[in-house]
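**Student:** Sequence first, then the predicted structure:
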Amino acid sequence: MPLHTAGPTQIYTFPDTAALSQGLDKYVAKLSAEAIHRHGKFTVALSGGSLPKQLSAVLKHNNSVDFTKWIVYFADERCVPLDHEDSNYLLSKHELFDHVPILAENVHTIDPDLVNDPEEAAEDYISQLAKTFATKDTVRFPVFDLILLGVGPDGHTCSLFPNHELLKENTEWVASITDSPKPPSCRITLTFPVLNHAHHVAFVAAGAGKQDMLHQLLDIPGHLPAQMVKPTTGTLSWFVDDAAAQKVTSTTVKGLERL
Ligand SMILES: O=C(O)[C@H](O)[C@@H](O)[C@H](O)[C@H](O)COP(=O)(O)O
């Protein structure tokens, strides 16, 4: 069945990263409350890069969010120990988990004992996901309430890189990669079917360095990894600052007016 987006992609623009963090706070807090009301928990996947800092700047002070109901996974993770400087978990721990009442048992990390065996680590991560997500005959993939993504200068997202064979993965929930063009070379990553089954997916990108890539991704049809994120029935949003959106010609929405 061909994938299609349920609605148009929403591109929210903000004058600067401080305003972007406010917008993200409002968006995430709303989705968190809705999910907790609907099924008693908020399942969210986080990325690395600048995302944890952007996300947490305002959110970590938001007392209205029930973080005790958050179930956190990582959109991708490097195969390194949890206290390694390259760990996406460590980044989110410093930026967010250390500041809010997220329960340690609800944060699903790569198994540190398996970081030397990426394939095993991916298998284990699938088992962890299976504990949170009941699947049905009709939906064979985890359905996250929200997946938060970044985008690299080459158009990669998660650890899904341009022209890599993992772009074709359509059965596994989590895949390992041992030849990542961006170091470290060994990682695990959610796959496109998981990204595209989520209720909501949001990209976050800021800074003038993203101008050309954002123009390419949002204005010119193509098959770069970030362009292959097309939720089947869920929503797709972009949170960007004006510097990053400078060359985007697609319709944008001034952030907080609509959120
Ligand atoms: O896996 C990695 O090596 C990074 O985490 C990477 O995927 C990052 O998320 C993007 O490059 C966006 O980075 P910025 O958010 O810093 O722009």
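**Tutor:** Ah, there it is. Residues are numbered from 1 along each chain as shown.
**Student:** Up against the ligand, what does the stretch 101-250 of the chain have?
**Tutor:** Applying CB under 6 Å from any ligand atom, we find that the stretch 101-250 of the chain lies next to the ligand at 150-152, 159, 182. Any C-beta I mention is one placed from the backbone N, CA and C, and that applies to glycine too.
**Student:** what about the helices in this protein?
**Tutor:** For the chain, the helices defined by DSSP state H cover 17-39, 51-59, 88-95, 118-132, 192-197, 211-219, 242-245, 255-258.
**Student:** can you list contacts of the fifth one?
**Tutor:** Outside helix 192-197, the residues within contact range by CB atoms under 8 Å, 6 or more residues apart in numbering are 3, 75, 139, 141-144, 147, 149, 157-158, 160, 167, 169-171, 173-174, 201, 228-232, 234.
**Student:** Mind doing that once more with 6 Å?
**Tutor:** Residues outside helix 192-197 that contact it (CB atoms under 6 Å, 6 or more residues apart in numbering): 3, 141-143, 147, 170, 173, 228-232.
**Student:** same check, this time on the longest one
**Tutor:** Outside helix 17-39, the residues within contact range by CB under 6 Å, 6+ apart are 12, 14, 42, 54-55, 57-59, 62, 65-66, 69, 145-146, 200, 206, 239, 241, 255-256, 259.
**Student:** Compute the inter-axis angle for that helix and helix 51-59.
**Tutor:** 80 degrees (axes from the mean of the first three to the mean of the last three CA atoms, to 10 degrees).
**Student:** Averaged pLDDT, helix 17-39. What do you get?
**Tutor:** Per-residue pLDDT over helix 17-39 has a mean of 97.
**Student:** which ones are touching the residue in the chain that the ligand sits nearest to?
**Tutor:** Taking CB to the nearest ligand atom, the ligand has its nearest neighbour within the chain at Gly49, 2.7 Å off. When contacts are counted by CB under 6 Å, 6+ apart, Gly49 is found next to Gly150.
**Student:** So what does it look like in phi/psi?
**Tutor:** In terms of degrees, to the nearest 10, the main-chain angles of Gly49 are phi 60, psi -140.
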